[in-house]
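Novice: Below is the structure, and that's it, no one-letter string:
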């Protein structure tokens, strides 16, 4: 098997330290037989002694040490904050009325400057409801608003376009919009735009899961929208904060506007359509309705820089001001740089190898479990050089959520995987499949999977596909991820049979899981709902619909003179960033 030296280079440190799996070790050893370049790299690692490294770093070792302590404190505080966020807040389920207080504008427009942002991935689409992708969501939150948004501190929904609301019953709600909200084209936003937007986006698969419980909606007048869910819905406000429910002008919808090419909303930044290299410029919207969250930057330039090394050089040189996607190596570089600040907080993104349950080899749960047991996740994460700090995971649901558990999970156990296949009369030679990766990091992870599965007799081919193609490609197995601020939002999006063909990319069908999700959706009592969550988590762990790989941390790096008050799994809020005075 021929593989690139770049992939072997990522495995060499693990090979030298003898901490990779036996299969990965044999994989590297076989490659070294015929590759002089990689042999030389291994010799360089051997010759790079601890003493030599200390000598090279003698001038800045104290600085590194102090910044590492600072980083560790920040990480500990972030984890503690996450515990409070996820286990301490109340559910929204109590009916009450809320009115957003009036806020003064913070800064005059003349005091603002702009920033350039380095991004790793090009958005699949920037039209609301046409994607389930973080890079696209970052742009959506610049250009659009929903009735609600997710609070960065609590990860709970709070009013956005909504000025006030009240519950008529457990299923009927009336929302009064802010008066005088303008779209970027100068039109005034009304309840009729809300109705038109929801009718528009609910036809797209990636928005279906945030519309399926909204059974009826209507404009009562220019500023009041009424929603009827027909039965209690525990995630209604979360759904209204999703990018699939963002509001567009009715006039443009009726005119057939392409919102992927011409994004027009009411958000804090308006797209100019001006391409800058591989990015796009967004200008502050001077007529933004919410003075407390009005843009404090004049513009945001998004630059597409795929590789972390040139992105890091661009941040260090001042060519960009903000790096969205960090790797372990760039974090280490940034921490010791005097002009760069690094922020790390726990994330909610749950990554996995998605197995297509319509492929015959994956219809047996024992096969899926054996595949998971055979994979050395720690080695795969190390080899991948992921775009974010990560920790391995085995649960089918994000373990940081209350209700998620590790019941019936497994660990790295190749011999156990072989025994499981033998016990159920399954020939591993019949299980060969292809893994699709859409980034170099996932490709490197796939090669480790390939080696691990070869060790138990399963043949695997790994191939690359452009990120923009992977939403629509037929596949047997494909790397993917999903992020939600709530347990129920995650399992509904990823595992509900109602979302097959959309966010349920595995075509996973399980009547028991569907019944549990539906029961949780109408259970307003939080204690009772969390008990259902535990049942869902246990059932999913037993069924093994995916091969979970890792949970991401949220890591950002930015110019130390840039004030970034909201670093959170809730997304990127460029409107809240500003330069120190």
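Specialist: Now that the structure is in, tell me what you want to look at. Small disclaimer: the values here were computed from a predicted structure and weren't measured.
Novice: Please count neighbours and contacts with C-alpha atoms only from this point.
Specialist: Will do.
Novice: and whichever strand in the chain runs longest, which strands flank it?
Specialist: Counting residues, the longest strand found in the chain (DSSP state E) is strand 340-355. If you go by DSSP bridges, strand 340-355 pairs up with strand 477-482 (antiparallel), strand 546-559 (antiparallel).
Novice: Tell me which of these is the most buried.
Specialist: Of all the strands paired with strand 340-355, strand 546-559 has the most neighbours on average by mean count of other CA atoms under 10 Å, namely a mean of 24.
Novice: follow-up on the earlier one: may I see the strands paired with strand 340-355 arranged in CSV, with mean pLDDT and distance to residue 499 as well?
Specialist: Shown next, in CSV, are the strands paired with strand 340-355 (pLDDT from 0 to 100; distance: least, CA to CA, whole Å):
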stretch, mean pLDDT, distance to residue 499
strand 477-482, 94, 13
strand 546-559, 93, 16
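Novice: Any stretches of the protein with poor pLDDT?
Specialist: Along the chain, segments meeting pLDDT under 70 span 1-4, 6-7, 9-11, 13-25, 27, 45-112, 273-279, 387, 467-471.
Novice: Can you give the domain ranges for it?
Specialist: 5-56, 346-553 (automatic domain parsing).
Novice: taking the ones you listed together, which one is wrapped up most tightly?
Specialist: Highest mean neighbour count among the domains of the chain (mean count of other CA under 10 Å): domain 346-553, a mean of 20.
Novice: end to end, how far does that one reach?
Specialist: Domain 346-553 has an end-to-end distance of 5 Å (criterion: CA to CA, to the nearest Å).
Novice: do the same with stretch 260-269
Specialist: Note: stretch 260-269 ends 16 Å apart using CA to CA.
Novice: what sits up against that stretch?
Specialist: 125-127, 141-145, 181-185, 189, 247-249, 270-271, 273, 282-285, 288, 293-295, 299, 575 (CA atoms under 8 Å, 6 or more residues apart in numbering).
Novice: Just the buried residues of those residues.
Specialist: For the contacts of stretch 260-269, a burial check counting by 16 or more other CA atoms under 10 Å picks out 125-127, 141-145, 181-184, 189, 247-249, 270-271, 282-285, 288, 293-295, 299, 575.
Novice: Strands - which of those land there?
Specialist: 270, 271, 282, 283, 284, 299.
Novice: what's near enough to touch the first one?
Specialist: In this case it means residue 270. So residue 270 contacts 142, 143, 184, 263, 264, 282, 283, 284, 285 (CA under 8 Å, 6+ apart).
Novice: which of these sit farthest apart?
Specialist: 263 and 284 (14.2 Å; CA to CA).
Novice: re earlier: TSV for the ones in strands among the buried ones among the contacts of stretch 260-269, including distance to residue 170?
Specialist: Listed next are those as TSV, based on distance: CA to CA, whole Å:
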residue	distance to residue 170
270	37
271	39
282	40
283	41
284	39
299	43
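Novice: so which of those residues comes closest to residue 356?
Specialist: residue 271 (37.1 Å).
Novice: how close does the closest one get to residue 302?
Specialist: For residue 271, the distance to residue 302 - CA to CA - is 11 Å.
Novice: Likewise for residue 121?
Specialist: From residue 121 over to residue 302 (counting by CA to CA), the distance is 11 Å.
Novice: surely residue 350 meets residue 482?
Specialist: Yes. Between residue 350 and residue 482 a contact is recorded at 5.6 Å, counting by CA atoms under 8 Å.
Novice: Residue 362 reaches residue 369, doesn't it?
Specialist: No. Using CA under 8 Å, residue 362 makes no contact with residue 369, being 9.9 Å away.
Novice: coming back round to it: closest to residue 36 among the ones in strands among the buried ones among the contacts of stretch 260-269?
Specialist: Once CA to CA is applied, the member of these that ends up nearest residue 36 is residue 282, at 48.7 Å.
Novice: so who does that closest one touch?
Specialist: 269, 270, 271, 272, 299, 300, 301.
Novice: which strand residues sit across from it in the sheet?
Specialist: Beta-bridge pairing for residue 282 (DSSP bridges): residue 271, residue 300.
Novice: mind checking how far the host helix or strand of residue 537 is from the chain centre?
Specialist: Per DSSP states H and E, residue 537 falls inside helix 526-543. The chain centre lies 22 Å from the centre of helix 526-543; the measure is CA atoms, centre = their mean, to the nearest Å.
Novice: what angle separates that helix from strand 546-559?
Specialist: Helix 526-543 and strand 546-559 are oriented at 120 degrees to each other (axes from the mean of the first three to the mean of the last three CA atoms, to 10 degrees).
Novice: contacts for helix 526-543?
Specialist: So helix 526-543 is contacted by 91, 365, 395-397, 402-409, 487-488, 513, 516-517, 519-520, 523 (CA under 8 Å, 6+ apart).
Novice: Which ones among these map onto helices?
Specialist: Of those, the ones assigned to helices by DSSP state H are 365, 487, 488, 513, 516, 517, 519, 520.
Novice: Without its sequence neighbours, what residue ends up closest to the fourth one?
Specialist: When you say that, I think you mean residue 513. Once flanking residues are discounted, residue 513 sits nearest to residue 536: 6.2 Å by CA to CA, 6 or more residues apart in numbering.
Novice: still on that earlier bit, with neighbour numbers in mind, choose between residue 121 and residue 302.
Specialist: residue 302 (23 against 19; other CA atoms under 10 Å).
Novice: Next one: that one from residue 320, what distance?
Specialist: With CA to CA as the criterion, residue 302 and residue 320 are 9 Å apart.
Novice: Quick check: neighbours shared by the two?
Specialist: Joint contacts of residue 302 and residue 320 (CA under 8 Å, 6+ apart) are 116, 117, 118.
Novice: Look up how far residue 142 lies from the first one.
Specialist: Going back to what we said before, that points to residue 116. The value you get for residue 116 to residue 142, if CA to CA is used, is 14 Å.
Novice: again, but for the last one
Specialist: Remark: distance between residue 118 and residue 142 (CA to CA) = 16 Å.
Novice: measure stretch 462-478 end to end?
Specialist: 10 Å.
Novice: Provide the contact partners of it at residue level.
Specialist: By CA under 8 Å, 6+ apart, stretch 462-478 touches 121-124, 353-356, 359, 433-439, 443, 446-447, 450.
Novice: Doesn't residue 302 belong to a strand?
Specialist: Yes. Assessed with DSSP: H, G, I helix; E, B strand; the rest coil, residue 302 lies in a strand.
Novice: how much space between it and residue 282?
Specialist: For residue 302, the distance to residue 282 - CA to CA - is 8 Å.
Novice: Overlap in contacts, the two.
Specialist: If you check residue 302 and residue 282 against CA under 8 Å, 6+ apart, no residue is contacted by both.
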